[in-house]
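got a sequence here, can you model it:
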Amino acid sequence: MNGPTKIVKTKLFIGNLDPATRPDELNELFSTFGSILEASVIKDYGFVHYGSIEEAEKAVLALNNKEFHGKRLRVELSTSTVRHRPGQPEPASALR
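Here you go, the predicted model:
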């Protein structure tokens, strides 16, 4: 049985990406705002994981609606959740 879930506030959803965008390009664009733990691209959207909430929030404010590869990015905090299993220590940050 899984425990409660919580939203990961260091993970950003990046929508409206050009399908040719590579993870290293996302990493380069978003690294201006802090330490990137992971960047991934799935067709026309992707995810960027930051080391802190403050870094993630700075990136949202600066990059939401910014043009990148001819498309306006949609940048927001991801609504993905992480499940905490009873008896296990809570992760400081979890990537999912």
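
going along the chain, name the strands of this structure.
In the chain, the strands defined using DSSP state E lie at 5-7, 11-15, 36-42, 45-50, 67-68, 71-72, 74-77, 81-83.

show me what the third one packs onto, helices and strands only.
Where contact means 3 or more C-beta pairs under 8 Å, 6 or more residues apart in numbering; DSSP states H and E, strand 36-42 is packed against helix 23-30, strand 45-50. C-beta: built from backbone N, CA, C; applies to glycine.

spatially nearest residue to the spatially most central residue of the chain (excluding sequence neighbours)?
The residue lying closest to the centre of the chain (C-alpha atoms, centre = their mean) is Leu12, at 2.5 Å. Nearest residue to Leu12 in three dimensions, chain neighbours excluded: Val48, at 4.7 Å (C-beta to C-beta, 6 or more residues apart in numbering).

picking that back up, and the residue nearest to the centre of the chain, what does it touch?
Phe30, Phe47, Val48, His49, Tyr50, Ala56, Ala59, Val60, Val75, Glu76, Leu77, Ser78 (C-beta atoms under 8 Å, 6 or more residues apart in numbering).

let's see it at 7 Å
Neighbouring residues of Leu12 by C-beta atoms under 7 Å, 6 or more residues apart in numbering: Phe47, Val48, Ala56, Ala59, Val60, Val75, Glu76, Leu77, Ser78.
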